[in-house]
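[1] please work out how this folds:
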Amino acid sequence: TAFDVGQGMALLVETPHHRLLYDTGPQYAPGASGATRVILPYLRGRGIRQLDALVVSHSDLDHVGGAAALLDAVQVNMVTSSLPDHHALLRAARLHRRCAEGQSWRWDGVDFQMLGPAPASYADTGLKANARSCVLRIAAGGQAILLAGDIEAAQESALLRGGDQRLRADVLLAPHHGSGTSSTAAFLRAVSPRLGIFQVGHRNRYRHPKREIYARYAEMGIERMRTDQHGAVTLQFGAGAGAAVAASAWRATNARYWHGR
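    Prediction:
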């Protein structure tokens, strides 16, 4: 489930017996965040009181803004992140490890593989937080989703050097919300997604997704969904190789009169 948290990123991954949250949305104001306004009410409504893992892709506020409130409200067994060692959030984590290329695990037949950042990147003090985003590929039943945080063209190019096959995914969470610095044509060809998800805020000040990037997805035959237009997007995986991932939009299945219908 890719939440509608405005201009930010937050996605809940569920297997039969485990749950992982990738990013926590933005901070809107003191005491108000993607966690308090969207994620926690959703978890409470579902009766979810524990997360097996929280992945914080990097330190930008639109990704980490709700993390403190989330850790206060629900049990999180492990935090994986690219946050610097001095970051305050790490003191609130029960267990923390740095995300790094080569990490992998399996839950309920679902494979999780961390494709980035490179371990050596943590020694580069001049590297931007975006460039150190945790890149996670999740595969089940011959289908896959790639969560790329806010990586930019240089990191996409580095991932390409590892081979196209490990990048293949049916669904791509558009890197950096569809900014002009990401989603290069070569990267999109390598991932070859059927669907691109854009987590963006309505009329956001960054103008994400950029018009030319959004058009690039269409030109390459990639279906597009945007949280600012569709609301939360829920995806069902595991139907088998060659099967289409089932996607549903909250605003289509739960339409309200103010949605103009």
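
[2] restricting to C-alpha, output the helix or strand of the chain with the lowest mean pLDDT in CSV.
    Lowest mean confidence among the helices and strands of the chain (mean pLDDT, DSSP states H and E): helix 250-253, at a mean of 83. Output in CSV follows, covering the C-alpha atoms of helix 250-253 (Å, rounded to 0.1, in the frame of the first residue of the first chain):
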residue,chain,number,x,y,z
TRP,A,250,-8.5,4.4,-2.9
ARG,A,251,-10.3,7.2,-4.6
ALA,A,252,-11.9,4.9,-7.1
THR,A,253,-13.0,2.3,-4.6
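
[3] what about the helices in the stretch 151-261 of the chain?
    For the stretch 151-261 of the chain, the helices defined by DSSP state H, counting those that start in this stretch cover 153-160, 185-191, 211-219, 227-230, 250-253.

[4] before we move on, the earlier item: next one: the least confident helix or strand of the chain to chain centre, how far?
    In terms of C-alpha atoms, centre = their mean, to the nearest Å, the centre of helix 250-253 is found 20 Å from the chain centre.

[5] just to revisit the earlier point, distance to residue 89 added to the helices of the stretch 151-261 of the chain, as JSON lines?
    C-beta coordinates here come from the backbone N, C-alpha and C atoms, glycine included. Rendered in JSON lines, the data for the helices of the stretch 151-261 of the chain read as follows (distance: least, C-beta to C-beta, whole Å):
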{"stretch": "helix 153-160", "distance to residue 89": "22"}
{"stretch": "helix 185-191", "distance to residue 89": "29"}
{"stretch": "helix 211-219", "distance to residue 89": "30"}
{"stretch": "helix 227-230", "distance to residue 89": "24"}
{"stretch": "helix 250-253", "distance to residue 89": "28"}
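
[6] out of those helices, which is closest to residue 24?
    Nearest to residue 24 among those is helix 227-230 (14.8 Å), distances taken as C-beta to C-beta.

[7] name the residues that touch the closest one?
    Helix 227-230 is contacted by residues 2-5, 197-202, 204, 233, 249-252 when judged by C-beta atoms under 8 Å, 6 or more residues apart in numbering.

[8] name the member of the residues you listed that has the highest neighbour count.
    Highest neighbour count within these, by other C-beta atoms under 10 Å: residue 199, with 30 neighbours.

[9] give the contact list for that residue.
    2-3, 5, 8-11, 173-174, 177, 227.

[10] equivalent analysis for residue 144, please.
    Neighbouring residues of residue 144 by C-beta under 8 Å, 6+ apart: 137-138, 168-171, 237.

[11] would you mind writing the CA trace of the helix or strand where it lies as PDB?
    Element membership for residue 144 (DSSP states H and E) is strand 143-147. What follows is strand 143-147 as a C-alpha-only set of coordinates in PDB (Å, rounded to 0.1, in the frame of the first residue of the first chain):
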ATOM      1  CA  GLN A 143       6.500 -10.600  -9.600                       C
ATOM      2  CA  ALA A 144       8.500  -7.800  -8.100                       C
ATOM      3  CA  ILE A 145       8.500  -4.200  -6.900                       C
ATOM      4  CA  LEU A 146      11.500  -1.800  -6.700                       C
ATOM      5  CA  LEU A 147      11.600   0.900  -4.100                       C
END
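
[12] what mean pLDDT does it get?
    Averaging pLDDT along strand 143-147 yields 97.

[13] repeat for stretch 78-96
    Taken as a whole, stretch 78-96 has a mean pLDDT of 95.

[14] which one of the contacts of residue 144 is nearest residue 188?
    Of these, the one sitting nearest to residue 188 (C-beta to C-beta) turns out to be residue 169, at 10.8 Å.

[15] run a quick neighbour tally on the closest one.
    Each residue near residue 169 was counted by other C-beta under 10 Å, and the total is 23.

[16] partner strands of the strand holding residue 144 and their direction?
    Sheet pairing of strand 143-147 (DSSP bridges) gives strand 135-140 (antiparallel), strand 171-173 (parallel).

[17] what does the first one rub up against?
    Defining contact as C-beta under 8 Å, 6+ apart, one finds that strand 135-140 is touched by 13, 15, 22, 55, 99, 109-117, 144-149, 151, 155, 159, 166-167, 169, 237-238.
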